[in-house]
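*Asks:* Sequence plus predicted model, see below.
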Amino acid sequence: MVASKAEIRSFDDFREYSLWYLRDVGLTVPEILGNEFKIVLAKPKDDEIEFGDFAGQKRFRGPEDFPDGEWNGRSYIEILANLANIQGDTEFGSNEQQVGLWESAPSDYDRKILLSVINEEFRHGWQMGFFETDVIRTEEAFTAAQSLLERRSGSGEDARLLGAFNNPIKDWIGMYSFLEFMDRDGGSQLTLLARSAVMDLTRSMLFMLREEAKHLRSGEQGFERMIRGGKLPIELLQKYVNLFAPLGYDLHGGERSTNALIYYKLGLKGFYPSPGRESYLERPAREAFDRQLFEDLAHRELNNRDHGYKFVDLNLNGPTQDINKELLNGITVTFYKRALESHFQKFNDLIKQHHPTGTPELVLPSIRFHRDRPSIYAGECYDIHGKPIESQAVYERYIADNLPSENDQARLQEVFAEPDWIAPPEMDVYKTPTKVQSTDEVLYQTVFGDRRSTRYTFNLSTAAEKREQEARKSKATKSSGDEGQAFWAFMDSETD
Ligand SMILES: [Fe+2]
Ligand SMILES: [Fe+2]
């Protein structure tokens with residue numbers, strides 16, 4: 001059960017409660033309980049808000065600096081608390097999806113990757129809990145922080161907030177697919193928030209990004225190793241790609257989104273930073289979008305009578321910086337997809353070297369394929385190349401044939417039984433720990449160890465609910481007494 005009113009009032013409480021969390025979800029191996037957790041706040045290059053309505057002002061330090069006003073009915077602080085809540089939810093959610101995979105780790109190296117990722121995601125969850133309990137500090141933020149530790153991946157009413165964080169990861173192809181596709185969306189979000197208008201959010205993101213880079217590298221390397229192993233049929237790997245790539249696209253949000261505009265105006269998420277020295281913002285908008293996505297946006301804008309309000313006023317004909325800011329997610333997802341495109345070129349070179357001639361190439365699915373709400377493509381039928389499929393029935397068959405199935409599971413068990421189905425790494429991504437720099441501020445350094453006790457030994461919300469029930473019961477007994485009194489008083493007055 002998730003908090004409706006928080007008992008957690010500080011980051012100290014949150015830290016204590018997170019030990020209960022680790023035990024409750026089974027993250028109790030020595031590599032986790034013996035790991036040092038901490039809050040790290042890094043130093044941004046400058047102190048100016050870079051974009052949006054408050055551009056040029058100093059970054060906001062806390063609630064006293066937040067601008068007044070409402071955006072879609074919500075205040076600045078509410079929008080911020082929600083953002084931290086969603087980010088934190090994915091961090092803890094992914095831990096729950098990966099719990100226990102260490103038992104099936106193909107090698108010590110894979111086990112090390114997994115446990116490093118879990119430790120760092122847990123720390124990222126801390127970082128968001130810290131932001132909520134120490135920076136935002138509203139009643140909603142305390143409740144949200146407590147709920148971060150009470151929601152559970154895949155668990156009905158108390159499930160994690162985003163669908164992609166509610167499917168358990170069952171095997172190591174899933175693990176590396178998760179790192180390559182889902183964590184990479186995390187990387188997109190962190191990259192945007194690292195330039196936010198709120199100082200401690202930006203400072204949190206900068207160190208998180210240093211760690212996140214290793215998760216992404218591990219995912220990419222996992223694919224290289226699975227291909228170099230030469231044993232995993234590429235058509236099976238393709239099915240995992242077909243499942244995970246669209247989930248990764250979906251995590252970026254709708255290609256046209258009012259939230260994107262609000263985040264932009266508030267200085268929270270802007271244009272994706274140019275990777276090189278040359279800015280893409282002055283270049284034609286066409287270049288800032290995935291080719292198919294741009295074609296579809298432009299086509300739908302021309303025919304917006306058929307396609308509705310979402311495709312009006314896109315402003316795609318000038319330079320990128322002038323586009324309708326509701327399209328910013330479309331640009332972020334394009335950068336995400338382009339990074340994957342370059343990986344897939346490398347993967348296909350490896351397939352040529354390590355698999356028999358004639359093995360089909362690995363295809364990165366089109367941005368149109370198998371999308372869900374709030375994508376503009378939700379409900380539309382395309383194949384992985386982005387070619388329309390005419391009937392729903394044909395599409396459903398296509399999906400069944402091209403996503404991982406029960407039968408594939410049986411075939412995979414045979415692959416996993418071969419000890420070297422995944423090749424050893426060419427380099428150790430986790431050779432050195434992520435460096436804390438002298439300009440970083442480090443707080444709450446903690447090693448729980450396996451003997452440390454915590455004052456929280458159960459779900460606080462469940463406990464609060466029980467207490468309330470008891471209070472209601474005793475009130476009921478008491479108030480029935482009250483009624484009795486009133487009854488006698490009434491009788492008395494009658495007799496009078
Ligand atoms: Fe993370
Ligand atoms: Fe990550």
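*Replies:* Perfect, thanks for sending it. Ligands and ions are numbered 1, 2, ... in the order given.
*Asks:* now check the host helix or strand of Ile113, is it near ligand 1?
*Replies:* Here Ile113 sits within helix 108-130, counting by DSSP states H and E. Yes - using CB under 5 Å from the ion, helix 108-130 reaches ligand 1 at 121, 124. Where you see a C-beta, it was placed from the backbone N, CA and C, and this is true even at glycine.
*Asks:* for the helix or strand just after that helix, packing partners?
*Replies:* Downstream of helix 108-130, the next assigned helix or strand under DSSP H and E is helix 139-148. In terms of contacts (3 or more CB pairs under 8 Å, 6 or more residues apart in numbering; DSSP states H and E), helix 139-148 is packed against helix 11-25, helix 76-98, helix 108-130.
*Asks:* Any idea how far helix 139-148 is from the middle of the chain?
*Replies:* Distance of helix 139-148 from the chain centroid (CA atoms, centre = their mean, to the nearest Å) equals 18 Å.
*Asks:* Mind listing what's buried along it?
*Replies:* Neighbour-count burial for helix 139-148, counted by 16 or more other CB atoms under 10 Å, picks out 141-148.
*Asks:* Identify the residues contacting it?
*Replies:* 2-9, 14, 17, 77-78, 81-82, 84-85, 88-89, 92, 125, 128-129, 132-133, 460-461 (CB atoms under 8 Å, 6 or more residues apart in numbering).
*Asks:* Can you give me the buried ones in the helix holding Ile113?
*Replies:* Going by 16+ other CB under 10 Å, helix 108-130 has these buried residues: 109-130.
*Asks:* Name the nearest residue to the spatially most central residue of the chain, sequence neighbours excluded.
*Replies:* By CA atoms, centre = their mean, the chain has its centre lying nearest to Thr90, at 4.0 Å. What sits nearest to Thr90 in space, not counting adjacent residues and going by CB to CB, 6 or more residues apart in numbering, is Phe165, at 5.5 Å.
*Asks:* Need the pLDDT of the one you found.
*Replies:* In this model, Phe165 is scored at 93, pLDDT.
*Asks:* Could I get the full set of helices for the stretch 351-496 of the chain?
*Replies:* For the stretch 351-496 of the chain, applying DSSP state H, counting those that start in this stretch gives helices covering 392-402, 406-417, 460-495.
*Asks:* do the same with the stretch 151-300 of the chain
*Replies:* 172-177, 183-193, 199-229, 234-251, 258-265, 291-302.
*Asks:* Pick the most buried one from those.
*Replies:* Neighbour counts (mean count of other CB atoms under 10 Å) averaged over each of those peak at helix 172-177, with a mean of 24.
*Asks:* From the contact counts, what lies against that helix?
*Replies:* helix 108-130, helix 199-229, helix 234-251.
*Asks:* In contact with whichever residue of the stretch 301-450 of the chain sits closest to ligand 1, which residues?
*Replies:* Here the stretch 301-450 of the chain gets closest to ligand 1 at one residue, Thr434, 12.1 Å apart by CB to the ion. Applying CB under 8 Å, 6+ apart to Thr434 gives the contacts 120, 207, 210-211, 214.
*Asks:* How much space separates it from Val442?
*Replies:* 12 Å (CB to CB, to the nearest Å).
*Asks:* Repeat that for Tyr249.
*Replies:* 36 Å.
*Asks:* before we move on, what about Glu224?
*Replies:* Where Val442 is concerned, Glu224 sits at a distance of 34 Å (CB to CB).
*Asks:* How about the residue in the chain positioned nearest to ligand 1, nearest residue that isn't a chain neighbour?
*Replies:* Nearest residue of the chain to ligand 1, counting by CB to the ion: His124, 3.7 Å away. Spatial nearest neighbour of His124, chain neighbours left out: Glu91 (4.1 Å); criterion: CB to CB, 6+ apart.
*Asks:* so how many other residues sit close to that neighbour?
*Replies:* Glu91: 22 surrounding residues under other CB atoms under 10 Å.
*Asks:* Reformat the helices and strands packed on helix 172-177 as a markdown table; add mean pLDDT.
*Replies:* Output for the helices and strands packed on helix 172-177, formatted as a markdown table (pLDDT from 0 to 100):
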| stretch | mean pLDDT |
| --- | --- |
| helix 108-130 | 97 |
| helix 199-229 | 97 |
| helix 234-251 | 97 |
